[in-house]
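Colleague: Next comes the sequence, and after it the predicted model I'd like to discuss.
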Amino acid sequence: MISSQKCPTTSLKNLPSERLPAVQILSAIFSVLISCSSLPSFAQQSPVEAQAKIADLEKKLAALPQGQFDWELHNELRHWYGAIDVARSMKHVEVILKNRPGDEYMKQVLGGKNPDPKQAVSALTETAKRYPKLLNLTAACWLWGGELEVDPKAAEAMLRRVASVQGAEPYYRMNAQELLSARFPKKAAAGGDKAKRVARAPKGMEKMPGPWADRSDLTIWPNQTSNANNDIWLAENHDKIRLMRPRVLLITSPTNTPTNKLQTSHVN
């Protein structure tokens, strides 16, 4: 876990351009080391101190008006829980990534900004696999991993996994779809043609409502481009839709027939 504390640095750019005496260089390095050693770290904090800090932060969080999001509080809790309970720490990362989708600092915290892309992808995918129930965290990790992965097949697989995370903010699926379209334009085009193919009505149902009767008008939903309620098209075009006519499947059954018998009959 990356700490939110930063070590101060000493700049030598304003010093004379001629070679610096060795003593002066060593003095500058020594001053930086002393400054860094004065910063609080998990190693210097006892579990009791960490728990006391967490308790104080949790009180502040509980005192917030219902529905209010405070990035600083959640980030501090993420930081302190990281010393004693990584799973709880990740829950605060989840809250941040839900309220601030794609948060760049969380990307750094999760290792996504490691200078070595392989290590960055490894850290992100490991987190995604370890916390599948944290939906926004998982979606963010697959998205960032797919963005950084250099192997086309692996990158495509990661980006497609974003769409499988049901319940995450639409931001993640929309960005994954954009990356897929940019990196794999031929597949995106083929998928688009397939999506726009008009369905054929079953015999005897030609005049009844169904996908075969959908219009090409994109201001009405469902339409010939999109007809599924989990379609990413809805999130991308919701502000252009003027009329929605969702289809509902209603199943009725006699009250005197056992439910399990009906289910068996339907499946068979």
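Modeller: Cool, got the structure.

Colleague: can you pull out the strands in the protein?
Modeller: For the chain, the strands defined by DSSP state E occupy 220-221, 243-244.

Colleague: looking at those strands, which is closest to Tyr171?
Modeller: Nearest to Tyr171, of all those, is strand 220-221, at 20.4 Å by CB to CB. C-beta: built from backbone N, CA, C; applies to glycine.

Colleague: Quick one: mean pLDDT over that closest one.
Modeller: For strand 220-221, the mean per-residue pLDDT is 82.

Colleague: Over to stretch 165-172?
Modeller: Rounded mean pLDDT across stretch 165-172 is 92.

Colleague: quick one: buried residues of it?
Modeller: For stretch 165-172, a neighbour-count test (16 or more other CB atoms under 10 Å) marks Val165, Ala168, Glu169, Tyr171, Tyr172 as buried.

Colleague: Quick check: the two most widely separated of those residues?
Modeller: Between all members of the buried residues of stretch 165-172, the longest pairwise span (CB to CB) is found for Val165 and Tyr171 and amounts to 11.7 Å.

Colleague: Do a quick rundown of the helices in the stretch 101-250 of the chain.
Modeller: For the stretch 101-250 of the chain, the helices defined by DSSP state H, counting those that start in this stretch occupy 104-109, 117-130, 135-148, 152-163, 170-183, 185-195, 232-237.

Colleague: on that earlier part again, from the buried residues of stretch 165-172, which is closest to Asp239?
Modeller: Lowest distance from Asp239 to the buried residues of stretch 165-172 (CB to CB) belongs to Tyr171, with 15.0 Å.

Colleague: who's in contact with the residue nearest to that closest one when sequence neighbours are not counted?
Modeller: Distances taken as CB to CB, 6 or more residues apart in numbering place Pro101 nearest to Tyr171, at 3.6 Å, with adjacent residues excluded. Going by CB atoms under 8 Å, 6 or more residues apart in numbering, Pro101 touches Asn136, Ala140, Glu169, Tyr171, Tyr172.

Colleague: Go again with 7 Å.
Modeller: In this structure, Pro101 makes contact with Glu169, Tyr171, Tyr172, judged by CB atoms under 7 Å, 6 or more residues apart in numbering.

Colleague: ok, the closest residue to the last one other than its chain neighbours - how many residues close by?
Modeller: I take that to be Tyr172. Leaving aside its sequence neighbours, Tyr172 sits nearest to Ala139 (CB to CB, 6+ apart; 3.8 Å). Using other CB atoms under 10 Å, Ala139 has 29 neighbouring residues.

Colleague: Return the distance of Ala139 relative to Pro47.
Modeller: Distance, Ala139 to Pro47, by CB to CB, to the nearest Å: 32 Å.

Colleague: can you check Val93 too?
Modeller: 21 Å.

Colleague: If you count surrounding residues, which of those two has more?
Modeller: Applying other CB under 10 Å to Val93 and Pro47 shows that Val93 carries more neighbours, namely 27 against 10.

Colleague: need the contact list for that one.
Modeller: Arg78, Met106, Val109, Leu137.
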